[in-house]
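S.K.: just a sequence and a predicted model for now, questions to come.
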Amino acid sequence: MSLDGIVTRAIVHELQQTIGARIHKIYQPTDHDLLLHMRVAGKNRKLLLSANPTYPRIHFTEQTFSNPPEPPMFCMLMRKNCEGGIIERVEQVGMERVVHMQIRQRDELGDESVKTLVVELTGRHSNVILLDPSATTIIDGIHHVTPAISSYRIVMPGFAYTAPPEQHKSNPLTVSESQFRSLWNNESDTQENEQAQESEQTRVNMTGSKWLVQHMSGISPRLAEEIVFRSGLAREESLTTESNIQSLWNAFAGLMNEIREHHYMPTLVEDDHGKTYFSAVSLTHISGIASTFESMSDCIEAFYGNKAERDMIKQRVGDLTRFLQQERMKNTKKLEKLSETLHEARDADRHRIMGELLFTSLHTISKGDKEVELLNFYDENGATITIPLDPLLSPSDNAQRYFKKYNKAKNSIAVVQEQMEAAQEENRYFETLLLQLSEANVQDAQEIREELVEQGYLRDRNRKGKRKKKDSRPTLHCFTSSEGIPIYVGKNNLQNEYVSNRLGKPNDTWLHTKDIPGSHVVIRSEQYGDTTLEEAAQLAAYFSQAKNSSQVPVDYTLIRHVRKPNGAKPGFVIYERQKTLFITPDSKRIDQMPVTMKSGG
């Protein structure tokens, strides 16, 4: 992974500016992430501590996070022990990917206490752990590790803290040239006996990058390859000569001196194959497009972006998407069968005609006849028709049998048509939800799941427990037009209904794509210019099923002319007195519009 001990050292150096800062707010937007709000160097900053097993990291962030309606237990515990506290120290453990933050807080009684927040960025074992340093006891961890999971270390409240296993490597910032050479000759006293038994043949065949990773703490394979490249050695060249070792030492010592003096160059490189890497130093050995950043935080944020959120959304949305697709397919098959039934039912007039022909010809039919051929006086050409008969019935009963078939078929047409309309309406509803899921964030996906529970499509996961009253005010995307007018956009049916039925005032303007699934958009003002209207229509077209189309029709009218019919599905409304704009969605314009997340109301 790109996040190695050197990157950790760079970010810890950057975090020295937080010393003396007060932690104002603490949030836990996901199961893995903790967000500390503080004021640093005269600015409000957000520090992200992530124990995500795939994307562990610690850095300042400008990203917007959606918080759960109820804070998790670990978040509440962090607020109790650290909110309002002062950061006194931030340090790295050796050259490992472990950071300790010391926080001093005064409780409501005026008593001071010191806590240590341990951030372990160790891949799938990453964790954020709050300690009582006086007793080295765990107060709690964002991820619990039980004895059933690990026999080496337990992360549970009340247990003594055990640091991650040591790798028994040398600190690259303190190793001397003689120690460097001794390590190569397996004569260093700092190595384990097992490492000292390495055979001569293995040493001869070992490349410089592999040797650096094996013996130096905090150096990733990517950084080791950079050192070898700077030394002038070939990537796969073995360390077989004195000149090889001297060249490797010179490049290693030069880079370590820069890192020792905190001379970093946060760099992001996309190679020729599209794979991206980041580092605290320049990666000159990778051919591709390189970008440098003013801070390590900016570099890490540019690399990770919203990868973690996208992965979480993919996980949460995936099962909902599959469920909706399955339900839609069931309805499609149902519609096919209903269509066949309707086709058969529409042949009902044939049964009526045969019944009437039998009644007019009863005198020509006898009980026991299996069929009869009669003149069809409904046929313009005067053709005959062969009518099958039940030989066990009288001629009159045979005629009545055809009338019963006619009445049954005629009555079934209305029922079948009603069922087809319901299935088609439900599929339109599923299409709308699938569209919303394609643009959903974590909170949007959760609200869509809750909607499906309320509509009876999914079982309530919390049905066994006592459910807390849900806040009916969703978090909404509020864009600001070029004229400074707020424009609210619903991203799911819960938000759409709130925007249209509760947030909007009678004289606010409501927009929606014409006959196309999409978001409800409200211009939250009675007075605005053409620019605001056009930008609101851009939002309506972009957040719709026609986002990749051109000349998308967007209807707009006053909120007073919009209403939801009784018994309609969530998010469905009817409206009148509308006008229509034709808009080609422009993603660049949407990206440039200021947007904030606001709680409804």
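M.R.: All right, it came through fine. Residues are numbered from 1 along each chain as shown.
S.K.: contacts and neighbour counts: CA atoms only from here.
M.R.: Fine.
S.K.: report how many residues lie close to residue 69.
M.R.: 12 (other Cα atoms under 10 Å).
S.K.: residue most distant from the centroid, this structure?
M.R.: What lies farthest from the middle of the chain is residue 363; by Cα atoms, centre = their mean that is 77.6 Å.
S.K.: in a helix, it, correct?
M.R.: Yes: applying DSSP: H, G, I helix; E, B strand; the rest coil, one finds residue 363 inside a helix.
S.K.: from residue 383, how far off is it?
M.R.: 20 Å (Cα to Cα, to the nearest Å).
S.K.: do the same with residue 169
M.R.: The value you get for residue 169 to residue 383, if Cα to Cα is used, is 101 Å.
S.K.: of the two, who's got more company?
M.R.: Set residue 169 next to residue 383 and count neighbours by other Cα under 10 Å: residue 169 wins out with 17 against 11.
S.K.: next one, pLDDT for that one please.
M.R.: Residue 169 carries a pLDDT value of 91.
S.K.: got it, and the one 3 residues further on?
M.R.: Confidence at residue 172, expressed as pLDDT, is 94.
S.K.: quick check on the spatially closest residue to residue 271 that is not a sequence neighbour: phi, psi?
M.R.: Using Cα to Cα, 6 or more residues apart in numbering and skipping residues adjacent in sequence, the residue nearest residue 271 is residue 288, 4.1 Å away. For residue 288, the backbone dihedrals (degrees, to the nearest 10) come out as phi 160, psi -160.
S.K.: do residue 83 as well
M.R.: Per degrees, to the nearest 10, the backbone of residue 83 is at phi -70, psi 130.
S.K.: what of residue 379?
M.R.: Torsion angles, degrees, to the nearest 10, at residue 379: phi -80, psi 130.
S.K.: and it, what's its pLDDT?
M.R.: Residue 379 is given a pLDDT of 81.
S.K.: distance check, it against residue 353.
M.R.: 10 Å.
S.K.: can you point out the buried residues in the helix or strand that contains residue 319?
M.R.: Counting by DSSP states H and E, the element that carries residue 319 is helix 307-345. By neighbour count with 16 or more other Cα atoms under 10 Å, helix 307-345 contains the buried residues 308, 313-314, 316-317, 320-321, 324-325, 328, 331-332, 335, 338, 341-342, 345.
S.K.: follow-up on the earlier one: residue 379 and residue 353: which is more packed in?
M.R.: Neighbours of residue 379 and residue 353, each counted by other Cα under 10 Å, are more numerous for residue 353; the result is 18 against 10.
S.K.: how near is that one to residue 404?
M.R.: Taken as Cα to Cα, the span from residue 353 to residue 404 is 12 Å.
S.K.: so what sits against both of the two?
M.R.: Residues within reach of residue 353 and of residue 404 at once, by Cα atoms under 8 Å, 6 or more residues apart in numbering: there are none.
S.K.: residues near residue 576, how many?
M.R.: 14.
S.K.: isn't it right up against residue 560?
M.R.: No: Residue 576 is beyond contact range of residue 560, at 9.4 Å (criterion: Cα atoms under 8 Å).
S.K.: any idea how far residue 586 is from residue 350?
M.R.: Residue 350 is 57 Å from residue 586, by Cα to Cα.
S.K.: the more surrounded of the two?
M.R.: It is residue 586, of residue 350 and residue 586, that has more neighbours when counted by other Cα under 10 Å, with 16 against 12.
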